[in-house]
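Peer 1: Compute the structure for the input listed below.
(one chain, ligands or ions: 2)
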Amino acid sequence: MLAIARESWPAQLVALADREMLASRAAAIPGLAAVTLHDFDPDATPAPHTPGHLPVLHTPLARPAAPGRLDPANAAAVLATLDAAVDSCRDGRFDAMVTAPVQKSVIADAGFAFRGHTEYLAARCGVERVVMLLVAGGLRVALATTHLPLAAVPAAITRELLGDTLGILDGDLRRRFGLPRPRIAVLGLNPHAGEGGHLGREELDVIIPVLEALRAEGLDLTGPLPADTAFTPRALADVDAVLALYHDQGLPVLKHAGFGEAVNVTLGLPIVRTSVDHGTALDLAGTGRADAGSLRAAVTLAVALARPL
Ligand SMILES: NC(=O)C1=CN([C@@H]2O[C@H](COP(=O)(O)OP(=O)(O)OC[C@H]3O[C@@H](n4cnc5c(N)ncnc54)[C@H](O)[C@@H]3O)[C@@H](O)[C@H]2O)C=CC1
Ligand SMILES: NCC(=O)COP(=O)(O)O
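Peer 2: Ligands and ions are numbered 1, 2, ... in the order given. All right, here's what the predicted structure looks like:
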């Protein structure tokens, strides 16, 4: 909401949300009371975003929401909002979607098999494999696995998963980000990238064979690199993206470098989806102190990606 109130974009922005919830939050936060919410008219000619004005496509909550109060009764409405956004992108009404964070646990508590937007959007779009990429300035970090318990990671790193992930990452960096031959650094799973098999065999048995096969197809891949030094400035100098093998191998570095201005992009979808770099920040809910920098960046990147290069 902060970003919407103050910024201009060369695109029409439409909020998919419960209209009353948006209105009550805008009224409660200093500086937002003047924002005008009006119903989105799908038949009107799209006009660039005007700061202070926000068209709303009403997606009703089941129960009134209060800041910071988790309510499983609204989980279905959250998913219905996501469905409406995906379907509207797929049918061409919208060119891109930008998601706010959701409390994944409360959706799961309500009985839905929900691990994250990334997996949910893949299923909704009928795509078997997608890739989570976070972008902070010039640093791009993609993940081979996303929302998995750490103990499940090694078994999930199969040749098929790694090959598919690198194919999507390389392809979308070319197609969506305009990099003619992306240079991708792939991290090892184990300390010292397995130390020649003495500290784990995933590098020898899975990662190296996949990298060799894909290099033969023309991909520019380095690795598997010891993860502890792969993010040093010298190592990153000749790299367009780093593929980390699990969530907390790559994202702490990315968030250290750019939390508050980074963007999460889902690659491999038939639609453009970006998102903020942060979660629901329940400690800040309702205070008006949550920083909107990542939302601004997510909208800006979605606008850029929605334009074919
Ligand atoms: N895309 C999504 O839907 C995401 C959802 N989540 C969900 O969010 C929930 C909370 O996750 P946490 O790990 O606690 O991460 P979090 O990002 O919500 O909070 C971590 C720390 O960052 C701060 N923070 C977060 N957003 C901020 C902002 N906009 N401005 C200033 N400070 C901010 C918080 O106050 C907190 O100290 C979980 O249920 C998680 O699954 C987490 C990441 C992404
Ligand atoms: N930490 C990033 C994250 O959890 C994003 O998840 P998603 O909901 O966008 O899949």
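
Peer 1: Spell out the secondary structure type for the closest residue in space to residue 28 that isn't next to it in sequence.
Peer 2: Closest residue to residue 28 apart from its sequence neighbours, by Cβ to Cβ, 6 or more residues apart in numbering: residue 286 at 7.4 Å. Where C-beta positions appear, they are placed from N, C-alpha and C, glycine not excepted. At residue 286 the chain is in coil, as set by DSSP: H, G, I helix; E, B strand; the rest coil.

Peer 1: Equivalent analysis for residue 177, please.
Peer 2: With three-state DSSP as the basis, residue 177 sits in coil.

Peer 1: And it, how close does it get to residue 265?
Peer 2: Noted for residue 177: a distance of 9 Å to residue 265, by Cβ to Cβ, to the nearest Å.

Peer 1: Tell me which of these two has more neighbours.
Peer 2: residue 265 (23 against 19; other Cβ atoms under 10 Å).

Peer 1: Tell me if I'm right that the more buried one and residue 300 touch.
Peer 2: No - between residue 265 and residue 300 there is no contact, the gap being 12.0 Å when judged by Cβ atoms under 8 Å.

Peer 1: count of neighbours near the residue nearest to residue 28?
Peer 2: Residue 286 has 14 nearby residues by other Cβ under 10 Å.

Peer 1: For this structure, what lies in contact range of ligand 1?
Peer 2: Residues of the chain lying near ligand 1 by Cβ under 6 Å from any ligand atom: 101-105, 117, 275, 278-281, 283-284, 290-291.

Peer 1: Recalculate using a threshold of 8 Å.
Peer 2: 99-106, 116-117, 259-260, 264, 275-284, 289-295 (Cβ under 8 Å from any ligand atom).

Peer 1: quick check, distance from the helix or strand hosting residue 168 to the centre of its chain.
Peer 2: Assigned by DSSP states H and E, residue 168 belongs to helix 159-175. Helix 159-175 has its C-alpha centroid displaced from the chain centroid by 16 Å (Cα atoms, centre = their mean, to the nearest Å).

Peer 1: next one: stretch 254-273
Peer 2: Distance, stretch centre to chain centre, for stretch 254-273: 4 Å (Cα atoms, centre = their mean).

Peer 1: Would you mark the buried spots in that stretch?
Peer 2: 254-255, 257-269, 271-273 (16 or more other Cβ atoms under 10 Å).

Peer 1: any chance you could map the strands in the stretch 201-309 of the chain?
Peer 2: Using DSSP state E, counting those that start in this stretch, the strands of the stretch 201-309 of the chain run over 220-225, 241-244, 263-267, 273-276.

Peer 1: Could you pull up the contacting residues of residue 207?
Peer 2: Contact analysis of residue 207 by Cβ atoms under 8 Å, 6 or more residues apart in numbering lists 157, 162, 186, 188, 189, 223, 224.

Peer 1: surely the residue nearest to residue 28 meets residue 65?
Peer 2: No - between residue 286 and residue 65 no contact is recorded; they are 10.5 Å apart, counting by Cβ under 8 Å.

Peer 1: Residue 34: neighbour count?
Peer 2: Residues near residue 34, counting by other Cβ under 10 Å: 8.

Peer 1: again with the one 5 residues further on
Peer 2: Around residue 39 there are 10 other residues, counting by other Cβ under 10 Å.

Peer 1: What of the one 3 residues further on?
Peer 2: Around residue 42 there are 12 other residues, counting by other Cβ under 10 Å.

Peer 1: secondary structure class for it?
Peer 2: coil.

Peer 1: And it, how far from residue 99?
Peer 2: 21 Å.

Peer 1: so what's whichever residue of the stretch 151-300 of the chain sits closest to ligand 1 closest to, chain neighbours aside?
Peer 2: Of the stretch 151-300 of the chain, the residue with the smallest distance to ligand 1, taken as Cβ to the nearest ligand atom, is residue 279 at 2.3 Å. Nearest non-adjacent residue to residue 279, counting by Cβ to Cβ, 6+ apart: residue 101, 4.8 Å away.

Peer 1: what sits against that neighbour?
Peer 2: 275, 276, 278, 279, 280, 281 are the contacts of residue 101 under Cβ under 8 Å, 6+ apart.

Peer 1: Now do the contacts for residue 55.
Peer 2: Residues near residue 55 by Cβ under 8 Å, 6+ apart: 12, 13, 14, 15, 37, 38, 39, 40, 41.

Peer 1: Tell me the bridge partners for the fifth one.
Peer 2: If I follow you right, that is residue 37. Note on residue 37: beta-bridge partners by DSSP bridges are residue 54.

Peer 1: how near is it to ligand 1?
Peer 2: Residue 37 is 21 Å from ligand 1, where distance means Cβ to the nearest ligand atom, to the nearest Å.

Peer 1: That residue against residue 23, yeah?
Peer 2: Yes - counting by Cβ under 8 Å, residue 37 does reach residue 23; the two are 5.7 Å apart.
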